[in-house]
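>>> this one's structure only:
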Ligand SMILES: C[C@@H](N)C(=O)N[C@H](C)C(=O)O
Ligand SMILES: [Zn+2]
């Protein structure tokens, strides 16, 4: 009788333990947003023990119960080859993403990316993190307009602007963006606010050239700071666009895959 009672109580205890722990796990992966018209809610997902958390925004447009998809496994950086593609924000969440081609706010006047993901070859991503650290130490931040760009998107751009000073020729060598080794970016202050660089992004004219100096002293200083930091981190500028930098660590192949938007 005593043994039977012991077995029954162990069984009930085990049952209770599993019930509670699984419902806690479920809670950890759910974000309940119940009140509409409130500001954006920020949540953090741990990505890697030694790396900062990734912050994502959930818009409180309606009464929703948002279930996060299965938490993404931590990136095992050493398992990715130097020439492999990585999602930058999963390595370092301090960048400001303002990926214009994922919106209609760009010279094509249409959204040409399905989602706003910044993918880069691992080597280029690591170099960019170096540039970001140089700038963070000086009270600035990098704000990114574009990273990897599929070749088909390059062809759309070329149709509108067939001038290789401003758009890489997709029927020639392609763009370094198509190789996952170029960035369009600008300087932001420590809060992420875009700073005046003399022209808007993708302003295709002489004012965007590095050699153009008829600009206020503070604008010239910022262009210079951006250029020096990027060069120090291993990037090269092009003459005609203050926002474009290429990483030329090695020869990469042109790519044309669409980022996974999950
Ligand atoms: C289109 C512009 N943002 C750009 O990236 N231009 C360079 C030259 C490119 O297409 O590689
Ligand atoms: Zn570019």
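Arrived safely, thanks for sending. In this text the structure is predicted, and so the values were computed from the model without any measurement. Residues are numbered from 1 along each chain as shown. Ligands and ions are numbered 1, 2, ... in the order given.
>>> can we go C-alpha only for contacts and neighbour counts from here?
Will do.
>>> for the nearest residue to residue 194 once chain neighbours are set aside, what are its contacts?
Computed as CA to CA, 6 or more residues apart in numbering, the closest residue to residue 194 that is not its neighbour in sequence is residue 188, at 4.4 Å. When the contact criterion is CA atoms under 8 Å, 6 or more residues apart in numbering, the partners of residue 188 are 140, 141, 142, 143, 194, 195.
>>> just the pLDDT for the closest residue to ligand 2 within the stretch 1-150 of the chain.
When distances are taken as CA to the ion, the stretch 1-150 of the chain reaches nearest to ligand 2 at residue 146, 6.9 Å away. Reading off the per-residue confidence, residue 146 sits at a pLDDT of 98.
>>> what do you get for the one 4 residues further on?
Predicted confidence (pLDDT) at residue 150: the value is 98.
>>> again with the one 4 residues further on
Per-residue confidence for residue 154 comes out at a pLDDT of 98.
>>> same check on residue 136?
If you check residue 136, the pLDDT there is 98.
>>> do the same with residue 75
Note for residue 75: predicted pLDDT of 78.
>>> and what of residue 52?
Confidence per residue is given as pLDDT, and for residue 52 that number is 30.
>>> could you do residue 49 as well?
The predicted structure scores residue 49 at 26 on the pLDDT scale.
>>> where in the stretch 51-200 of the chain is pLDDT low?
Along the stretch 51-200 of the chain, the parts satisfying pLDDT under 70 run over 51-74.
>>> where along the stretch 51-200 of the chain do the helices fall?
Defined through DSSP state H, counting those that start in this stretch, the helices belonging to the stretch 51-200 of the chain, from first to last, are 122-136, 151-160.
>>> how about CSV for the contacts of residue 188, with distance to ligand 2 and neighbour count added?
As requested, the contacts of residue 188 are arranged in CSV below (distance: CA to the ion, whole Å; neighbours: other CA atoms under 10 Å):
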residue, distance to ligand 2, neighbour count
140, 21, 21
141, 18, 26
142, 15, 26
143, 13, 23
194, 17, 16
195, 18, 14
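>>> that older thread, please name the nearest non-neighbouring residue to the residue of the stretch 1-150 of the chain closest to ligand 2.
Using CA to CA, 6+ apart and skipping the chain neighbours, the partner closest in space to residue 146 is residue 184 (4.9 Å).
>>> quick check: the one you found touching residue 145?
Yes. Between residue 184 and residue 145 there is a contact at 5.2 Å, judged by CA atoms under 8 Å.
>>> near ligand 2, which residues of this protein? Just list them.
Residues of the chain found near ligand 2 (CA under 5 Å from the ion) are 184, 244.
>>> let's check: the centremost residue of the chain is which one?
Nearest residue to the geometric centre of the chain (CA atoms, centre = their mean): residue 118, 3.6 Å.
>>> how deep is residue 205 tucked in, by neighbour count?
Neighbouring residues of residue 205 were enumerated by other CA atoms under 10 Å; the total is 12.
>>> got the residues of the chain near ligand 1?
165, 166, 167, 168, 175, 176, 177, 202 (CA under 6 Å from any ligand atom).
>>> contacts only, for the first one.
For residue 165, the set of contacting residues under the criterion of CA under 8 Å, 6+ apart consists of residue 240.
>>> please report phi then psi for it.
According to degrees, to the nearest 10, the main-chain angles of residue 165 amount to phi -70, psi -30.
>>> same check, this time on the third one
Taking degrees, to the nearest 10, you get phi -140, psi 130 for the backbone angles of residue 167.
>>> number of nearby residues for it?
By other CA under 10 Å, neighbour count at residue 167 equals 20.
>>> kindly report the same for the fifth one.
When neighbours are counted by other CA under 10 Å, residue 175 registers 23.
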